[in-house]
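A.B. asks: just coords:
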């Protein structure tokens, strides 16, 4: 295994472990904003989740191919996954009001 492949594997494993760790913390209600009024646990878990997602999505092609294809043509799948994730995040962030209004108008139209 080359040093590049080892670094890639470590990055992927670290990203997955961060996602699992934050998921466990959220299941235990740490950093969810429920109960305590402290903001720093929520911000810390959100930051760690973002870092874990970034590390994991960066190595997405490795998941699919189970080999280091980062600089090969197949490595484009990692870029596509990051773009798709970013697009869904943008729709959820900036499209929330639109979808809420759309559901409200549809419900109003169905009541008539």
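C.D. replies: It's in. Note that the coordinates shown come from a computational prediction; the quantities given were computed from them, not determined experimentally. Numbering: from 1, shown residues only.
A.B. asks: And residue 60, how close does it get to residue 26?
C.D. replies: For residue 60, the distance to residue 26 (CB to CB, to the nearest Å) stands at 23 Å. For glycine as for every other residue, the C-beta is placed from the backbone atoms N, C-alpha and C.
A.B. asks: Just want to know which of those two has more residues nearby.
C.D. replies: Each of residue 60 and residue 26 has its neighbours counted (other CB atoms under 10 Å); residue 60 has more, 19 against 15.
A.B. asks: was I right about the more buried one contacting residue 83?
C.D. replies: No. At 10.9 Å, residue 60 and residue 83 do not qualify as touching, with contact defined as CB atoms under 8 Å.
A.B. asks: Looking at this structure, which helix is longest?
C.D. replies: helix 3-27 (DSSP state H).
A.B. asks: Give me the pLDDT value at residue 99.
C.D. replies: We have a pLDDT of 84 for residue 99.
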